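Participant: Pasting the sequence and the predicted model now:
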Amino acid sequence: MINILYFASLKETTKLESEQVDAAGKTIAELKAILMERHRITLDGAMTAVNEEFTDEGTVLNNGDTVAFIPPVSGG
C-alpha cells in the first residue's frame, strides 16, 4: 500500500488528510491518474514528494512509500 498525503486546497477538495492506495509498482503519473479519477481533482502543477523527497512523474512507487501532493500556492 502507498500512503497518500494531501495538503492545502487538495485536502479541502478531497475532504481527506490522507489515504492508502494499492499502487506499488506504479509510477507517480499512474497514481495521479487513479486519484484524479477517484476524487475528480486535478493534480496538474502539484509538487510531488516521495518519502519527503521531491520527485518526478516517472518515479516508481514501492510498498510502504508515502507520497505527498502539494498544490501550487499563490499569494500577494
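Facilitator: Perfect, I can see it now. This is a predicted model, so every value here is computed, not measured.
Participant: make it CA atoms for all contacts and neighbour counts henceforth
Facilitator: Noted.
Participant: Quick check: next helix or strand after whichever strand or helix holds residue 30?
Facilitator: Assigned by DSSP states H and E, residue 30 falls within helix 28-39. The helix or strand immediately downstream of helix 28-39 is strand 47-50, counting by DSSP H and E.
Participant: Which other helices and strands does the helix or strand of the chain with the lowest mean pLDDT contact?
Facilitator: The weakest-scoring helix or strand in the chain, judged by mean pLDDT, DSSP states H and E, is helix 8-14 (a mean of 92). Judged by 3 or more C-alpha pairs under 8 Å, 6 or more residues apart in numbering; DSSP states H and E, helix 8-14 is in contact with strand 66-70.
Participant: Outside of the strand it packs on itself, list whatever touches it.
Facilitator: Contact with strand 66-70 is made by 2-8, 10, 43, 46-52, as judged by C-alpha atoms under 8 Å, 6 or more residues apart in numbering.
Participant: Name the pair among the residues you listed with the greatest separation in space.
Facilitator: By the measure C-alpha to C-alpha, 2 and 8 form the most distant pair in the contacts of strand 66-70, at 20.0 Å.
Participant: between those two, which one's more packed in?
Facilitator: residue 2 (20 against 13; other C-alpha atoms under 10 Å).
Participant: quick one: that one and residue 63 touch, right?
Facilitator: Yes - counting by C-alpha atoms under 8 Å, residue 2 touches residue 63, with 5.9 Å between them.
Participant: if I look at those two, which residues touch both of them?
Facilitator: Shared contacts of residue 2 and residue 63, defined by C-alpha under 8 Å, 6+ apart, are found at 23, 24.
Participant: Show me the shaky parts of this protein.
Facilitator: 74-76 (pLDDT under 70).
Participant: Quick check: beta-bridge partners of the spatially most central residue of it?
Facilitator: Closest to where the C-alpha atoms of the chain average out (C-alpha atoms, centre = their mean) is residue 69, at 4.0 Å. Residue 69 forms beta bridges with residue 6, residue 48, as assigned by DSSP bridges.
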